[in-house]
Structure formats: C-alpha cells, structure tokens
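Visitor: Here is my input; please provide its structure:
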Amino acid sequence: LASAPMPPRHAVRARLLICPALLSLQAVRAYSVSRESVRSINAYKPLRKTAELFQPGWPLEWFDESYVRFREAFANGSNSQAFFDFAREEGPGIYSFPLFTKAFCDIFLQEVDSYKKTGLPIRRPNSMNNYGLIVNEIGMRDALTQLQREHLLPIARVLFPREASG
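Guide: Numbers count the residues shown, from 1 in each chain. Presented below is the predicted three-dimensional model:
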C-alpha cells in the first residue's frame with residue numbers, strides 16, 4: 001500500500017479500489033527490501049504506535065462489518081454475485097468496497113504520521129508524490145502480504161481470473 005497525497009483528515013475513505021492494473025502479483029513476489037529499509041524498519045520498531053499493524057492477521061474488528069459479512073458468505077460458497085451485491089462498480093472493471101473501519105484508518109494514519117516525524121528515510125511511491133510512504137519499507141510488508149493473500153486475492157480471482165492467476 002502506498003498513501004496518496006494526503007487529503008483532509010475528514011475526507012479519508014475506507015473504501016478499497018480493485019482493478020486489473022492493481023493486481024501485479026509478480027511485482028509483489030519480486031519486491032525486496034533494501035538494506036536502508038532494513039535499517040529504518042529496525043530503528044522504527046521500538047517507536048511503533050500500534051504493533052498489531054506490523055503483524056500478519058489483523059483483527060476482524062479493523063474490517064468493515066459489511067465486508068466481514070460478505071467474506072463469511074463468500075467463504076460459505078456464496079456465488080460471485082454476492083460480490084456485485086456488496087461492491088460498487090466505479091467504472092468498467094473498477095470496483096470499490098468498504099474494507100476497513102474508520103477506527104482502523106485513524107490508527108493507520110497515526111502510524112504513518114508517527115513514522116514521518118522520526119526523520120527516518122521515507123521512500124515515496126513515485127517521484128511525483130510528495131506525501132506518500134511505502135509502508136512495506138517501515139515494516140508492514142508481512143501484514144500487507146497476508147492482507148493481499150487472504151482478503152484481496154480471493155476476490156481478485158473471481159473478478160479478474162487471468163490477471164489474478166499470477
């Protein structure tokens with residue numbers, strides 16, 4: 001995950017966009033952490049505000065209730081129509097759905113802000129982004145990889161079988 005230019009706090013939304021362009025699973029597999037990132041991860045470890053953010057297997061309380069209900073129905077054999085009843089199509093092949101609670105978003109943003117205040121190196125998602133932070137590089141890689149595998153990949157396989165096959 002990479003944060004985009006920071007919107008006003010009241011505008012932060014807990015909806016996740018999913019589309020084929022965001023499903024670069026090979027890029028996720030090939031991603032490696034630089035030595036500088038390892039130093040930053042180790043330096044930030046004792047300063048973390050919410051240690052659970054850095055551990056795989058985030059608590060279900062952090063996920064939006066409607067997503068949790070959808071996930072349970074999907075796991076119990078509900079057909080792919082359940083996703084289309086739950087999600088919103090933003091454009092052709094682009095879907096959004098509520099994934100996280102506002103409380104989770106607040107915790108996540110507090111952690112990002114906390115890291116930025118340390119003065120440790122910040123790697124931006126791209127050269128045009130002055131506010132973003134690649135959270136894999138502050139120690140969230142394992143947690144986000146599990147999020148992708150357990151929560152997003154099953155949905156992606158239904159929506160985009162060719163792209164999600166890796």
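Visitor: Which stretches in the chain count as strands?
Guide: 15-18, 88-91, 94-98 (DSSP state E).
Visitor: Below-threshold pLDDT in the protein: ranges please.
Guide: Applying pLDDT under 70 to the chain flags the ranges 1-33, 78-80, 166.
Visitor: what about the longest helix in it?
Guide: helix 102-117 (DSSP state H).
Visitor: CA atoms only: put that one into CSV for me.
Guide: Extracted in CSV, the C-alpha atoms of helix 102-117 (Å, rounded to 0.1, in the frame of the first residue of the first chain):
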residue,chain,number,x,y,z
LYS,A,102,-12.8,4.4,10.3
ALA,A,103,-11.0,3.4,13.5
PHE,A,104,-8.5,1.3,11.5
CYS,A,105,-8.0,4.2,9.1
ASP,A,106,-7.3,6.5,12.0
ILE,A,107,-4.8,4.0,13.6
PHE,A,108,-3.1,3.5,10.2
LEU,A,109,-2.8,7.2,9.5
GLN,A,110,-1.5,7.9,13.1
GLU,A,111,1.2,5.3,12.4
VAL,A,112,2.2,6.9,9.1
ASP,A,113,2.3,10.3,10.7
SER,A,114,4.4,8.9,13.6
TYR,A,115,6.9,7.4,11.2
LYS,A,116,7.2,10.7,9.2
LYS,A,117,8.0,12.6,12.4
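Visitor: Tell me the buried residues in it?
Guide: Phe104, Cys105, Ile107, Phe108, Glu111, Val112, Tyr115 (16 or more other CB atoms under 10 Å). All C-beta atoms are positioned from the backbone trio N, CA, C, and that covers glycine.
Visitor: Tell me who's in contact with the fourth one.
Guide: In this structure, Phe108 makes contact with Leu53, Phe100, judged by CB atoms under 8 Å, 6 or more residues apart in numbering.
Visitor: Tell me how far it lies from Phe160.
Guide: Distance from Phe108 to Phe160, counting by CB to CB, to the nearest Å: 26 Å.
Visitor: Enumerate every residue touching Ser40.
Guide: So Ser40 contacts Leu120, Pro121, Glu137, Ile138 (CB under 8 Å, 6+ apart).
Visitor: wait, doesn't the third one sit right on Arg39?
Guide: By that I understand Glu137. No. Glu137 is not in contact with Arg39 according to CB atoms under 8 Å; the separation is 10.5 Å.
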